[in-house]
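>>> After the sequence you'll find the predicted model.
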Amino acid sequence: MAEQGTTADTATAGATSRRRVTLTREAILEAAMHLCSPEGGGVLTFSRLGKELGADPTAVYRHFRDKDDLVLALTEQLIDEAVLLTADSGLSPDQWREWLTLTARAVRAVHLARPALAVLGANRTTASPAETRSVEEIIAVLHRAGLPPVEAAECYRMLLDLTLAFVQSTAAFLILGPAVQAKDDAAWSVKYGLLPADRFPMLHQGSARLTELFRNDGEVFELVLETFLDGVGLKIERARQRS
């Protein structure tokens, strides 16, 4: 009986200790970022967040109204990271093509490091200072390259939409279970590869390359980004000829 009492007392003390943990906004964000990464399990819930922090999950509500409020704060951090990656590159904004390429790669990289968060937040708008400065800077880079402000704003929107669409597509696949991923992989490498050449001649000739690209979202992203920037280059040339 004494042993049972000791166990109960220990459990009660542990629960009390968890409830008394003082959480900071920064500690919550750091723990949530970890949970959104593959190493952290790739699932963000307040229950899991409480366990990660060693605290009652309800304590998170003192700093964030709800999960959406938390997701927006986490997304703001991703934007900060992407901006810093671009700034630390040493590239001049006057190198518009290289600068925009690096910006898109940075946005993609910071999101895919936490695919669970990318699925939740890649299509959100935080209106944070970092996001606002980033929007202004990208439009300014395009304007200095030769585009009028309105066309520069249009190209900014296309660049970000393109990048974040790829982010969400890749992230959604990354958070699937290994068995589901393997099933999709087999659909390309086996089913498409075995289609009769007489009925699907173009698909038959391209199936090997399609299989390669299915396994490499990064290469597909680079191909699409290069094609998009080729188009931006043409718009810049036309704008310079008009002026």
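Okay, I see it. Numbers count the residues shown, from 1 in each chain.
>>> tell me the domain boundaries of this structure?
14-64, 68-242 (automatic domain parsing).
>>> Take these and write them to CSV, including mean pLDDT.
Formatted as CSV, the domains of the chain follow (pLDDT from 0 to 100):
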stretch, mean pLDDT
domain 14-64, 85
domain 68-242, 93
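>>> for the protein, which residue is closest to the average position?
residue 111 (2.2 Å; CA atoms, centre = their mean).
>>> And for that one, nearest residue in space, chain neighbours not counted?
Excluding the flanking residues, the one nearest residue 111 by CB to CB, 6 or more residues apart in numbering is residue 118, at 4.0 Å. C-beta: built from backbone N, CA, C; applies to glycine.
>>> Can you give me the neighbour number for that neighbour?
Using other CB atoms under 10 Å, residue 118 has 26 other residues around it.
>>> close enough to count as contact, it and residue 166?
No: taking contacts as CB atoms under 8 Å, residue 118 lies outside contact range of residue 166: 10.3 Å.
>>> Stretch 46-61: how far from the chain's middle?
Centroid separation for stretch 46-61 versus its chain: 24 Å, with CA atoms, centre = their mean, to the nearest Å.
>>> Over to stretch 25-37?
That offset, for stretch 25-37, works out to 15 Å (CA atoms, centre = their mean).
>>> check contacts around residue 57.
By CB atoms under 8 Å, 6 or more residues apart in numbering, the residues touching residue 57 are 46, 47, 49, 50.
>>> any idea how far the spatially closest residue to it that is not a sequence neighbour is from residue 121?
Nearest residue to residue 57, sequence neighbours excluded (CB to CB, 6+ apart): residue 50, at 3.3 Å. Separation of residue 50 from residue 121 (CB to CB, to the nearest Å) stands at 21 Å.
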